[in-house]
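Novice: Below is the sequence, then the predicted model.
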Amino acid sequence: MELDGNALGGDLSSVFAADVTGAVFVCAGCQHSGVVASLRVWVPAPGLVGRCPNCTDVVLRLVRTPTRAFLTLTGASRLELPLD
Ligand SMILES: [Zn+2]
């Protein structure tokens with residue numbers, strides 16, 4: 001059975017309502033893993049850029065506008081979020 005992306009809505013909304021700072025990332029560049037809170041973030045910048053503490057590659061980017069948020073996770077090969 002094939003469904004459209006609306007089938008993801010319930011589970012994704014519970015995931016993104018979680019505190020992501022405790023989530024474990026795996027860096028796509030060096031395979032280092034750690035909690036999101038351990039990423040290195042330099043400010044000020046146009047948006048937030050989280051870099052791997054091991055190799056300094058960009059793991060995630062978050063840019064907010066008044067009406068939207070743009071999250072890029074191309075530098076993370078995996079993100080593990082704890083569920084209650
Ligand atoms: Zn890395």
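Specialist: Here it is on my side, so go on.
Novice: Now do the strands in the chain.
Specialist: 24-27, 33-35, 40-41, 48-51, 58-64, 69-72, 76-80 (DSSP state E).
Novice: who does the last one pair up with?
Specialist: Using DSSP bridges, the neighbouring strands of strand 76-80 in the sheet come out as strand 24-27 (antiparallel).
Novice: contact partners of the partner strand?
Specialist: By C-beta atoms under 8 Å, 6 or more residues apart in numbering, the residues outside strand 24-27 that reach it are 32-36, 39, 52, 54-55, 57, 59-60, 75-80. (C-beta placed from N, C-alpha, C; glycine too.)
Novice: so which of these also contact the ion?
Specialist: 32, 52, 54-55, 57 (C-beta under 5 Å from the ion).
Novice: Report the buried members of the residues you listed.
Specialist: Among these, those classed as buried by 16 or more other C-beta atoms under 10 Å are residue 52.
Novice: can you list the ones next to the ion among the contacts of strand 24-27 in CSV and add distance to residue 64?
Specialist: CSV is the format used below for these (distance: C-beta to C-beta, whole Å):
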residue, distance to residue 64
32, 27
52, 22
54, 27
55, 26
57, 22
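Novice: if you look at the ones next to the ion among the contacts of strand 24-27, which of them are in helices?
Specialist: Cross-referencing these against helices under DSSP state H gives no overlap.
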